[in-house]
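> Show me the folded form of this:
(chains A and B)
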Amino acid sequence: MADRGTGVDEGIITRRTAILGAGGLGVFGVLASRLYYLQVTKAEDYRVLSDDNRFNFNITMPSRGRILDRHGESLAINSQDYRVVMIPERVKDIDATLKRVSEILPLRETTLKRIRKDINEHARFVPILIDDHLDWETFSALNLNTPDLPGVIPEVGEGRSYPDNGIFAHTLGYVGRADVKDVEKDKDPLLRQPTFRIGKTGVEAAADKTLRGTAGRLKVEVNAVGRIVREWPDPKDQAIDGKDVWLTIDAELQRHAAELFEEDSGGLAVIDVVTGELRTLLSMPTFDGNMFVSGLTQDDMDKLNNDEKRPQYNKVLSGGYPPASTFKMAVMLAALESGLIDPTSKVFCTQKLRLGNRTFHCWKRGGHGPMDMRDALKNSCDIYFYEISQQIGMDKIAEMGRKLGFGQAHNIGIAGVKSGIMPDPAWKQARLGNGWRMGDTLNASIGQGFVLATPLQLAVMAGRIANGRKALTPNLLIGQDLPEMADLGIDPSHLAFVQDAMWSVCEEPGGTAYRENGLGIKGLDMAGKTGTGQVRGISASERRSRLRKNEELPWKLRDHSIFTGYAPYDAPRFAVGCVVEHGGSGSKRAADIVRGVLQRALERDGLGPKTELPPDGASL
Amino acid sequence: MMNPLSSRAGLTAKLYEVNWLLIALVALVGMVGVTMIFAATDGVWSRGAQQHLIRLVFAGGIMLAVAMTDIKVWYTLAYPIYAVALIMLIGVDVMGVSVNGSQRWLDLKLIRFQPSEVMKLAIVLALARYYHDLPKYFTSRISGLAGAALIILFPMALILRQPDLGTTLLVAATGVALVFLAGVNWRVIGGAALAGTIAIPLFFRFGLKEYQRSRILTFLDPSRDPTGASYHITQSKIALGSGGVTGKGFMNGTQRQLEYVPENRTDFIFTVIGEEFGLIGSLLTMGLYISVIGLCVWLSMQCKHIFSRLLILGLTTTFTLYIFINLGMVMGLAPVVGVPLPLISYGGTVILTVMTGFGLVLSAHLHRQNELPRSHF
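Now for the predicted structure:
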């Protein structure tokens, strides 16, 4: 364009456009030939690459922390677990493959159902557990057959294992597969790993975050059948193992307590009178936590559920029992603190006490005769406590009960601790909708009626009486921040009186728990109180003819045998609460168990003169 | 010969006259994008495909609005737009928002956008006007070259500071292409080529950030880091190569499904085309792009003034460079610099830039017979 002879020449633009256009077409040509090279010449190589070696990010599992007793003995560990997993992505025909596998390793219908469900719920490259806890023969047979079973991978993993055959099962709890609710609550990618196990109950659940650890990542190159051909580890992506959790429990002592229980059912707690550390937390009979890890069969489940001794029930924390005569210390202290009762004045026990048209009985045929307060505890006279409780009133008794730890769920860091019942008029009105009657007070004064307590609470009560200054609170997990214990707020002279009376129960001839050779450790005395928890009503006609002996009754109707006490009497170290379900009189079964446990506890604490210390020599 | 369209000409007449073939081709490329994003996101409509379609429609509206506006308006606004883009680039430097470690975004509360995208258009507008106004005999003189160099170098330096190597190269190459098209003589071109040969190694050593250097080194020697930077390229080549001639079929790409190819709905979308539709699909896509480019060049030749011609050619150059850099990167011929495949890759900013560019192309062509003034130096 020639207008005014200036401006860029149009002809030049057209020529230059042609040059650039040709260049552009050239570049497109290069790109197209490159495509041809990649997609035609090299296509086969790349097809193999795309089918074969692939990079995957595998989640690497941290080791779960152990659970240890106070001396470092393992209560929950990880053991080698032979298992077989399947990567659905690498499997051509899942049904056929499972059928082949079940020729070597029989798979139950429920297992197959679970495997199919897992396959549907996870990404195709996530390994799905077929079965674990395999024996060596099956495992090696599977290994031999892997060439015919692409995508099926036998592997050695870590499984949770509880070495002690269940003695700690209730406290430790167990681990299991994370369920839908767990996965919703917790976004940790570990939970979506089919081989991961999460704490379900007990310490395993309470300390799960500590024990679990953190997932790692591992970049791996895998071939067509899912075998890892190369790993690209990165130190910063490593899994962080879970931390160990230490318990205040003394495993050896707990084992001893379990032996003393023999076949009986019940719960027992040993508490350090100074620190509140629980040395033993036993519920009998036990169950094997390992069963829950590997998956329970219907048969196992039925066996557990139909056992009348309820092995799964955590009796020491959750079992509510009438504390029976062990509650009399609370009544005594309420009496002394209120100043309404002179401990030296006597009540005459004729075995019967009439209240309105009801008759209340003492357990001793023919009655105890004249009883002052100390004698009443030593002999466990019911009539004495019927009398004084009427003068003190239920509110004061309940207040003292609560001071001693009844009616509250002690927080020991794990779930399942029950509060029992410390009834008073307000409670009855709110709960049952009718008024408190004097008869209720009488029943409560001997720990019957509405009063319910757990073996842990019995131990805490004895511990508080023995400690004398602080409202002792139990704890289980070492390293937890513990709140300062509150003052107990009971006159020391009153406590001394009760302590002396509890001593007389065990150490004075005639006391309900007196044994000639006492604790079995020279120079050390114990203090305690027996209780016989009635679980059935006794009819007037039976009382007239003859009270049936426990041995004549079906197990379910026999009395609970209860004992609570502490030792050494003059410098208390340990307190124990014990209930033997339907174990008969508290002066026998429970008293003997507690005596044996206290003896062993003191020996292990280096207090006894016995030379026969356990081989690990663990002593403080 | 058709009558010049005045700026007052009826909208209907203009809509009738606008080049619908180009619009149709652009829409077709956009639909390829929607389809491939759909495949890349495992057929989940809401993970990008839907958004891509909405953006195409929205940007299409803007394209038409730009096309209907008289080319005189764009001529008048060329320098002001360039100035605003330059100020915004300085603004990013001072108060930009950092995304993925690069400071490219300017947050204007209402919209967050990249001034470097605006600059891609502005630099073409500015240079087109510059050469429209420049007397012919200045083109290869020092004074004429210095003006063009200033227009190119200011934004280049600012974009490189962000740092955004891909856009810097794009803007620079577009600028150089326009200087070439404007007719600078071969002596100057030879000198520039010599200077470039000396400058590039220096630039590589001192002008680039560590990660940019690493990308280029990895490109030259892929084995030096098989799981890091070259992982992208290796996986992308496997995806393309395993597609073969006919591909694995729509939604059947294994590399894509396993998410071995990273960012496969954005910068690496072409791997999905190559894996699922093979060589045939890849070549068809490239053919579609060539048609768009060829049509634009054809449209430029019908324009009466230098401004319109250079504007169309400059914008086409930018569009073409996007494609070259992206395809080169995906096929392992160019370093991974993070340039999307225009209209097909998922991402709003690029769609807006490219479609506005096509709006300018359409406007230049639609008003090709109109008179343009000429300011003299």
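> what's near enough to touch residue A:196?
A:61, A:177, A:178, A:190 (C-beta atoms under 8 Å, 6 or more residues apart in numbering or on different chains). C-betas here are computed from N, CA, C, even on glycine.
> Check the gap between it and residue A:163 for me.
Residue A:196 sits 22 Å away from residue A:163, taking C-beta to C-beta, to the nearest Å as the criterion.
> Taking chain A, what residue is nearest to chain B?
residue A:46 (2.6 Å; C-beta to the nearest C-beta).
> how close does that residue sit to residue B:274?
In this view, residue A:46 and residue B:274 are 10 Å apart by C-beta to C-beta.
> And for residue A:587?
Between residue A:587 and residue B:274 the distance is 89 Å, computed by C-beta to C-beta.
> ok, the two, which is more surrounded?
Using other C-beta atoms under 10 Å in any protein chain shown as the criterion, residue A:587 and residue B:274 rank with residue B:274 on top: 30 against 23.
> can you pull out the helices in the stretch 351-500 of chain A?
In the stretch 351-500 of chain A, the segments counted as helices under DSSP state H, counting those that start in this stretch are A:373-378, A:382-392, A:394-403, A:425-432, A:438-445, A:455-467, A:492-507.
> okay, those in a markdown table with distance to residue B:175 next?
Shown next, in a markdown table, are the helices of the stretch 351-500 of chain A (distance: least, C-beta to C-beta, whole Å):
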| stretch | distance to residue B:175 |
| --- | --- |
| helix A:373-378 | 104 |
| helix A:382-392 | 101 |
| helix A:394-403 | 87 |
| helix A:425-432 | 86 |
| helix A:438-445 | 97 |
| helix A:455-467 | 83 |
| helix A:492-507 | 96 |
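> Out of the ones you listed, which gets nearest to residue A:559?
When those are compared by C-beta to C-beta, helix A:382-392 sits nearest residue A:559, at 14.0 Å.
> what does the closest one rub up against?
By C-beta under 8 Å, 6+ apart, helix A:382-392 touches A:325, A:328, A:331, A:334-335, A:338, A:340-341, A:347-353, A:355, A:360-363, A:367-368, A:371, A:373, A:376, A:397, A:438, A:441-442, A:444-446.
> correct me, but the residue of chain A closest to chain B touches residue B:236?
No - counting by C-beta atoms under 8 Å, residue A:46 does not reach residue B:236; the two are 10.7 Å apart.
> What's the nearest residue in the stretch 201-350 of chain B when you look at chain A?
Nearest residue of the stretch 201-350 of chain B to chain A, counting by C-beta to the nearest C-beta: residue B:241, 2.6 Å away.
> give me the element that residue is part of.
In this assignment (DSSP states H and E), residue B:241 forms part of helix B:229-243.
> Which residues are in contact with each of residue A:46 and residue B:274?
A:38, B:240.
> Could I get the full set of helices for the stretch 201-350 of chain A?
Assignment of helices within the stretch 201-350 of chain A using DSSP H, counting those that start in this stretch yields the ranges A:202-206, A:208-212, A:251-261, A:289-294, A:298-306, A:315-318, A:328-338.
> go on, the stretch 501-620 of chain A?
When assigned using DSSP H, counting those that start in this stretch, the helices of the stretch 501-620 of chain A occupy the ranges A:540-545, A:589-604.
> then the longest one to PDB, C-alphas only?
Extracted in PDB, the C-alpha atoms of helix A:589-604 (Å, rounded to 0.1, in the frame of the first residue of the first chain):
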ATOM      1  CA  ARG A 589     -13.100 -66.600 100.200                       C
ATOM      2  CA  ALA A 590     -12.600 -62.900  99.600                       C
ATOM      3  CA  ALA A 591     -10.600 -62.400 102.800                       C
ATOM      4  CA  ASP A 592      -8.200 -65.200 101.900                       C
ATOM      5  CA  ILE A 593      -7.600 -63.800  98.400                       C
ATOM      6  CA  VAL A 594      -7.000 -60.300  99.700                       C
ATOM      7  CA  ARG A 595      -4.700 -61.600 102.400                       C
ATOM      8  CA  GLY A 596      -2.700 -63.500  99.700                       C
ATOM      9  CA  VAL A 597      -2.600 -60.500  97.400                       C
ATOM     10  CA  LEU A 598      -1.500 -58.100 100.100                       C
ATOM     11  CA  GLN A 599       1.200 -60.400 101.200                       C
ATOM     12  CA  ARG A 600       2.600 -60.800  97.700                       C
ATOM     13  CA  ALA A 601       2.300 -57.000  97.100                       C
ATOM     14  CA  LEU A 602       4.300 -56.200 100.200                       C
ATOM     15  CA  GLU A 603       6.900 -58.800  99.400                       C
ATOM     16  CA  ARG A 604       7.300 -57.400  95.900                       C
END
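> what about the residue in the stretch 1-150 of chain B positioned nearest to chain A, how many neighbours?
Taking C-beta to the nearest C-beta as the measure, the stretch 1-150 of chain B has residue B:135 as its residue closest to chain A, at 4.2 Å. Neighbours of residue B:135 under the rule other C-beta under 10 Å: 16.
> In chain A, where's the longest strand?
Across chain A, the longest stretch assigned as strand under DSSP state E is strand A:74-86.
> Check which residues of it are buried.
Going by neighbour count (16 or more other C-beta atoms under 10 Å in any protein chain shown), the buried part of strand A:74-86 is A:74, A:75, A:76, A:77, A:78, A:81, A:82, A:83, A:84, A:85, A:86.
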